[in-house]
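Peer 1: Build me a model from this:
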Amino acid sequence: MAWLFLIIAGLLEVVWAFFMKSSEGFTRLVPSVITLVTMGASFGLLSLSMRTLPLGTAYTIWTGIGAVGAFAVGIAVLGEAATPMRLAAAGLIVSGLVLMKLSGGH
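Peer 2: Purely as a prediction, here's the structure:
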């Protein structure tokens, strides 16, 4: 169950990052509210996952899902550049996440 909480928390991190960008510095009400609600839910689920998972594993996976997810949303939704170097960097992050999962023992 801890892994499920962690994955959902990571996905919610992507949601709040996107809506934080959309909030234009918290000057738009609806995106600002969505940011704060999903941020709270993401942190809450992360904390639940940390009851079982080691800190280093949980935090690394959470931030990795958020980083790669936000990168993907930036490309797919916001039209950000998908240069070979940026794609390679995202691939390295995913590789690190896989290694973290394999070495975590959970």
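Peer 1: so who does the residue nearest the centre of the chain touch?
Peer 2: Among the residues of the chain, the one closest to the centroid is Gly66, at 1.6 Å (CA atoms, centre = their mean). If you count contacts by CB atoms under 8 Å, 6 or more residues apart in numbering, Gly66 has them with Gly10, Glu13, Val14, Ala17. Where C-beta positions appear, they are placed from N, C-alpha and C, glycine not excepted.
Peer 1: What residues sit buried inside whichever helix or strand it is part of?
Peer 2: Assigned by DSSP states H and E, Gly66 belongs to helix 55-76. Of all the residues in helix 55-76, those buried under the rule 16 or more other CB atoms under 10 Å are 57-62, 64-71, 73-75.
Peer 1: Could I get the CA-only coordinates of that helix as PDB?
Peer 2: This file holds the C-alpha atoms of helix 55-76, laid out as PDB (Å, rounded to 0.1, in the frame of the first residue of the first chain):
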ATOM      1  CA  LEU A  55      13.100   8.300   3.800                       C
ATOM      2  CA  GLY A  56      15.700   8.200   1.000                       C
ATOM      3  CA  THR A  57      13.700   5.900  -1.200                       C
ATOM      4  CA  ALA A  58      10.300   7.500  -0.700                       C
ATOM      5  CA  TYR A  59      11.600  11.100  -1.100                       C
ATOM      6  CA  THR A  60      13.700  10.200  -4.200                       C
ATOM      7  CA  ILE A  61      10.900   8.400  -5.900                       C
ATOM      8  CA  TRP A  62       8.400  11.200  -5.100                       C
ATOM      9  CA  THR A  63      10.600  13.900  -6.400                       C
ATOM     10  CA  GLY A  64      11.600  11.800  -9.400                       C
ATOM     11  CA  ILE A  65       8.000  11.100 -10.400                       C
ATOM     12  CA  GLY A  66       7.300  14.800 -10.000                       C
ATOM     13  CA  ALA A  67      10.300  16.000 -12.000                       C
ATOM     14  CA  VAL A  68       9.900  13.600 -14.900                       C
ATOM     15  CA  GLY A  69       6.100  14.000 -14.900                       C
ATOM     16  CA  ALA A  70       6.300  17.800 -14.900                       C
ATOM     17  CA  PHE A  71       8.900  17.600 -17.700                       C
ATOM     18  CA  ALA A  72       6.500  15.400 -19.800                       C
ATOM     19  CA  VAL A  73       3.600  17.800 -19.100                       C
ATOM     20  CA  GLY A  74       5.700  20.700 -20.000                       C
ATOM     21  CA  ILE A  75       6.500  19.100 -23.400                       C
ATOM     22  CA  ALA A  76       3.000  17.700 -24.100                       C
END
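Peer 1: I'm done for today, thanks for sticking with me.
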